[in-house]
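>>> quick one, structure for this:
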Amino acid sequence: QVQLAESGGGLVQPGGSLRLSCAASGFTFSNYVMSWYRQAPGKERELVATIISAGGSTNYADSVKGRFTISRDNVKDTAYLQMNSLKPEDTAVYFCNARRRFSTINYWGKGTLVTVSS
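Next comes the predicted model:
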């Protein structure tokens, strides 16, 4: 059974840091492109960051470049999102996505809430 389980969300003050984790199971993790999306209240879901393979190509939304870092561990079948210098506008539910390379097959986690507020 395919599962993506996000964790690490919570309440943090502006300027603070959080590390999100996405634990994967039920599929061959290394064959999948991993991404983090987020959805703020009243807004559409947006792509935050993508990583093709461990140590490989990454892409970021302009709004998080220089502050967020995506990584993955193909031994632990886990993807991460290190978020630094957090801003109130980063407040959202963060979702993990796995998309099989060269395919439309993809899976979603249930999300983890990040709230940036003083």
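
>>> average pLDDT across the helix or strand harbouring Tyr107?
Under the criterion of DSSP states H and E, Tyr107 resides in strand 106-108. Taken as a whole, strand 106-108 has a mean pLDDT of 96.

>>> list the buried residues of that strand.
For strand 106-108, a neighbour-count test (16 or more other C-beta atoms under 10 Å) marks Tyr107 as buried. Glycine gets a C-beta too; all of them are placed from N, C-alpha and C.

>>> give me the next element, helix or strand, following it.
Using DSSP H and E, the first helix or strand after strand 106-108 is strand 112-116.

>>> okay, now the sheet partners of that next one, with direction.
If you go by DSSP bridges, strand 112-116 pairs up with strand 10-12 (parallel), strand 92-100 (antiparallel).

>>> circling back: now what about the strand holding Tyr107, what contacts it?
Val2, Leu4, Phe27, Phe95, Cys96, Asn97, Ala98, Arg99, Arg100 (C-beta atoms under 8 Å, 6 or more residues apart in numbering).

>>> which of these are buried? Put it as a ChimeraX command.
Remark: buried members of the contacts of strand 106-108, expressed as a ChimeraX selection using 16+ other C-beta under 10 Å:
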select :4,27,95,96,97,98,99
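
>>> ok, which stretches of this protein are helices?
If you assign secondary structure with DSSP state H, the chain ends up with no helices.

>>> dig out what the residue most central in space within it forms beta bridges with.
Centroid-nearest residue in the chain: Trp36, 2.8 Å away (criterion: C-alpha atoms, centre = their mean). Beta-bridge pairing for Trp36 (DSSP bridges): Ala49, Cys96.

>>> mind listing what it touches?
Trp36 touches 20, 22, 47-50, 70, 79, 81, 94-97, counting by C-beta under 8 Å, 6+ apart.

>>> TSV for these, including distance to Lys87 and pLDDT?
Putting the contacts of Trp36 into TSV (distance: C-beta to C-beta, whole Å; pLDDT from 0 to 100) gives the following:
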residue	distance to Lys87	pLDDT
Leu20	16	98
Cys22	22	98
Leu47	18	98
Val48	13	98
Ala49	16	98
Thr50	21	97
Ile70	18	97
Ala79	22	97
Leu81	15	98
Tyr94	14	98
Phe95	19	98
Cys96	21	98
Asn97	23	98
